[in-house]
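**Student:** 3D, please:
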Amino acid sequence: MPSLQSRLETEQIKQLFRNCDMAFFGSLICFLAISYVLASQASPSAGWSLWTGANLGLYVLRMALVRSYRRLPSDTPAPGLRLWKNLFLLTTFASGVGWGLGTLILPGVFTLEMLFILVLLALTSSVTTAYSVVPWASEAFIVPVMLLLAIHFAGKGGEIYSVMAALSLVYGIAMCITARRNHASFNDSRRYGLENEKLAESLAQSEHKYRLILDSLQDVLYQTDLDGRITYVSPSIEQLLGYAPETVVGMQLGDLYADAQGYPKLLDELAGSTGSGAAGHRAEFRHRNGSAIWTATNAHLYRDKEGNIAGVEGAVRDISENKRLEDELWQLANFDALTGIPGRRLFYDRLEVCLAQAGRSGIGGALMFIDLDDFKIINDELGHDAGDQYLCEVANRLLEAVRQSDTVARIGGDEFTVLLPDVGGAAKAGVALQKIQDALARPMLLDGRPRPVAASIGVTLFPAEGGTVDSLMKAADQKMYEMKLRRKRERSGVAPSATAAFAATAAAEETEASVALSL
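**Tutor:** From the prediction side, this is the model:
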């Protein structure tokens, strides 16, 4: 892009050639009028004919120069226009010399001299206005005209002519000063105009880049006032929530949240921040079609030029895919992929919570550790598909046998656990155990034929038999292992001695029990 000075020079030259039409026309009228008057008042002399021909030829040359200039491309830079400017200055100087030499052909008639002087004064005045846009353009005409006029008067002798010679010089100097001031005024005006144009271009380019950035951003930028009304929102909101930006401006930001408490929570985070704002604020926004979009917002309070808080500025990002992946990872980490029931991690978390609640309330719970005795045989004989079906059916039966507040989990290949909070003692634990036994007692149809479900169950009560997750799990595992050994020894259904022991314990003690049973 051309520099400001180069653009200013280009503007000066273009304006000079725009102004010259009227100046040329006025000068030509004056020339023809003077020629007519002189011709009518006296016989044309050789000097007059030479002066007339020279000036007329100069007018033709200058008009040809202007026409040639106007055939140039409109985007010709300043260096390409300087030649035309210099030619214009040269021909202007020649024109000034020509008009100044006109004093030599004047007859000794005072009225004709005064008429010629008035014409010269009019020409210098018009040139001062028309040519002053370019430095020295006005002076190129004024100086030779007024200097030759002063010489003419001085050569006549006499006090009156000496005064007129001096006045000619003073007038010429005044016109030159006026031309310089006109030039400075035009220069300043165009400079300010070009600077404003450059600033406008810069602002337009910046705005264009800003718009490109905003249009390419997936994040939604917004600004609200103190009342929570949206005063600005970026175009990307249409991609995120389906709203055109102009329809959102003026709405309450809180109306875009899927949860009515979403916006108040953001304000609480902003109020509690120490100037850093709310980073990573997660909330669901409501799409125009009614669906919920998970988002993360980075927001802060902004201030006006007086330093007062004016509202909230923020950037909202769609994290729906991240949230879905997080949920999937959480599901994989906490739930068994095959059966859909809680896995080891989630079960341990819930057991730890139940232990803490039991410690506070004094109402204990029960933990059952279940091992499927024949699972390996089923897998080997019928294949993994049948084994998976077997595990899923066991999980479903366990879920049917317990309360909604209880937890059934698969913590290993063929190992299940059941968490029974707030059972209070062995009696209620025994009732729950019986329901589980009944649920597992029904034969299961595998590979087209019924098969019994063989399981060893270890039962412990907490906090009586363990105050920590590890101790309680070890106790339940030990009870299950003892039951498995008893099952191998007896090679029959439920061990009568174990059932009798559980019944006796339940009748004698309501808050503590230890039992090992098997199907």
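**Student:** the helices in the stretch 101-250 of the chain, which residues?
**Tutor:** Secondary structure of the stretch 101-250 of the chain (DSSP state H, counting those that start in this stretch): helices located at 110-130, 137-156, 159-216, 237-241, 245-248.
**Student:** closest one to Asp318 among these?
**Tutor:** With Cβ to Cβ, the closest approach to Asp318 among these belongs to helix 237-241: 5.6 Å. C-beta here means a position set from N, CA and C on the backbone, and glycine is covered the same way.
**Student:** who touches the closest one?
**Tutor:** Defining contact as Cβ atoms under 8 Å, 6 or more residues apart in numbering, one finds that helix 237-241 is touched by 218, 220, 222, 243-245, 248, 256, 285-288, 293, 295, 316, 318.
**Student:** got the CA coordinates for that helix in CSV?
**Tutor:** Presented in CSV, the C-alpha positions along helix 237-241 are these (Å, rounded to 0.1, in the frame of the first residue of the first chain):
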residue,chain,number,x,y,z
ILE,A,237,-24.4,-19.4,18.6
GLU,A,238,-26.4,-20.5,15.6
GLN,A,239,-24.2,-23.6,15.2
LEU,A,240,-24.3,-24.3,19.0
LEU,A,241,-28.0,-23.6,19.9
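**Student:** from now on call the first residue 50
**Tutor:** Taking 50 as the first residue, the last one we looked at is helix 286-290.
**Student:** Return the set of buried residues in that helix.
**Tutor:** 286-287, 289-290 (16 or more other Cβ atoms under 10 Å).
**Student:** give me the beta-bridge partners of the closest residue to Val297 other than its chain neighbours?
**Tutor:** Once flanking residues are discounted, Val297 sits nearest to Val282: 5.0 Å by Cβ to Cβ, 6 or more residues apart in numbering. Counting by DSSP bridges, Val282 forms beta bridges with Tyr271.
**Student:** Tell me how many other residues surround Val282.
**Tutor:** As a burial measure, Val282 scores 26 neighbours (other Cβ atoms under 10 Å).
**Student:** cool, and Leu132?
**Tutor:** Leu132 has 10 nearby residues by other Cβ under 10 Å.
**Student:** Next, work out how far apart it and Gln54 are.
**Tutor:** 18 Å (Cβ to Cβ, to the nearest Å).
**Student:** ok, back up a step: is it possible to export the buried residues of helix 286-290 to CSV including pLDDT and distance to Pro313?
**Tutor:** Below are the buried residues of helix 286-290 laid out as CSV (pLDDT from 0 to 100; distance: Cβ to Cβ, whole Å):
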residue, pLDDT, distance to Pro313
Ile286, 92, 21
Glu287, 92, 26
Leu289, 92, 21
Leu290, 95, 20
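**Student:** Which of those residues sits closest to Tyr241?
**Tutor:** The closest of those to Tyr241 turns out to be Ile286 (Cβ to Cβ; 39.7 Å).
**Student:** Of the helices of the stretch 150-299 of the chain, flag the one that's most buried.
**Tutor:** Comparing the helices of the stretch 150-299 of the chain by mean neighbour count (mean count of other Cβ atoms under 10 Å), helix 186-205 ranks first with a mean of 22.
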